[in-house]
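> Next come a sequence and a model predicted from it.
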Amino acid sequence: MSPRTAAPLAWSLCGVYVSLLGFGLVVGLEATPTFSPVGLDVPVWSMALLGLAFLAFSVMGALVAARHPGNAVSWLLLAIGLSGGLTLALIAYVATALPRPASSQATRLACSAAVARWIAISREVRTLAALPNHSGQLT
């Protein structure tokens, strides 16, 4: 991928993350003070803190991918950030949909997707930790 196309793509993916985070936090603030989609109470402040951590992944990935599009680590960082943003948005959706019985099938699907995203994030982080060198090449 050329630097000319990689930079807009990387920053667009970072923008998608920011919009997912914004959706998750705004809906989370309007829904309830705690979320219980998978049996765990998750306060809104912890979602915001987790969102800031995933923002670091997204911004760092976008910075590196814009300058060095061949660096696989940068795209992996962007993927981790997007996974986190999608998960936070799904948790917020589940929190708002739980009181409504008409959307129980959609709620169960979103809850399952949120759990699946957490599993995917853990795999992505393990892949990042297993990189043998610092050149960004997955060998």
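Okay, I see it.

> All the helices of the chain, residue numbers only.
Using DSSP state H, the helices of the chain run over residues 3-31, 44-67, 72-97, 104-129.

> If you average pLDDT per helix and strand, which one of the chain comes out bottom?
Every helix and strand of the chain was ranked by mean pLDDT, DSSP states H and E. The lowest is strand 34-35, at a mean of 52.

> that older thread, most tightly packed of the helices of the chain?
helix 72-97 (a mean of 23; mean count of other Cβ atoms under 10 Å). For every residue, glycine as well, the C-beta is placed using N, CA and C.

> Counting by contacts, list what that one packs against.
Counting contacts by 3 or more Cβ pairs under 8 Å, 6 or more residues apart in numbering; DSSP states H and E, helix 72-97 is packed against helix 3-31, strand 34-35, helix 44-67, helix 104-129.

> Could you tell me the angle between that helix and helix 44-67?
150 degrees (axes from the mean of the first three to the mean of the last three Cα atoms, to 10 degrees).

> Can I get stretch 8-26 in PDB, CA atoms only?
Coordinates of each C-alpha in stretch 8-26 appear next as PDB, following Å, rounded to 0.1, in the frame of the first residue of the first chain:
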ATOM      1  CA  PRO A   8      -6.100   8.600   4.900                       C
ATOM      2  CA  LEU A   9      -7.100   5.000   5.500                       C
ATOM      3  CA  ALA A  10      -5.300   4.900   8.900                       C
ATOM      4  CA  TRP A  11      -6.800   8.200  10.100                       C
ATOM      5  CA  SER A  12     -10.200   7.200   8.800                       C
ATOM      6  CA  LEU A  13     -10.000   4.000  10.900                       C
ATOM      7  CA  CYS A  14      -9.000   6.100  13.900                       C
ATOM      8  CA  GLY A  15     -12.000   8.300  13.200                       C
ATOM      9  CA  VAL A  16     -14.300   5.300  13.200                       C
ATOM     10  CA  TYR A  17     -12.900   4.300  16.600                       C
ATOM     11  CA  VAL A  18     -13.500   7.800  18.000                       C
ATOM     12  CA  SER A  19     -17.100   7.700  16.700                       C
ATOM     13  CA  LEU A  20     -17.700   4.200  18.200                       C
ATOM     14  CA  LEU A  21     -16.200   5.400  21.500                       C
ATOM     15  CA  GLY A  22     -18.400   8.500  21.400                       C
ATOM     16  CA  PHE A  23     -21.500   6.400  20.800                       C
ATOM     17  CA  GLY A  24     -20.600   4.100  23.600                       C
ATOM     18  CA  LEU A  25     -20.100   6.800  26.100                       C
ATOM     19  CA  VAL A  26     -23.100   9.000  25.100                       C
END
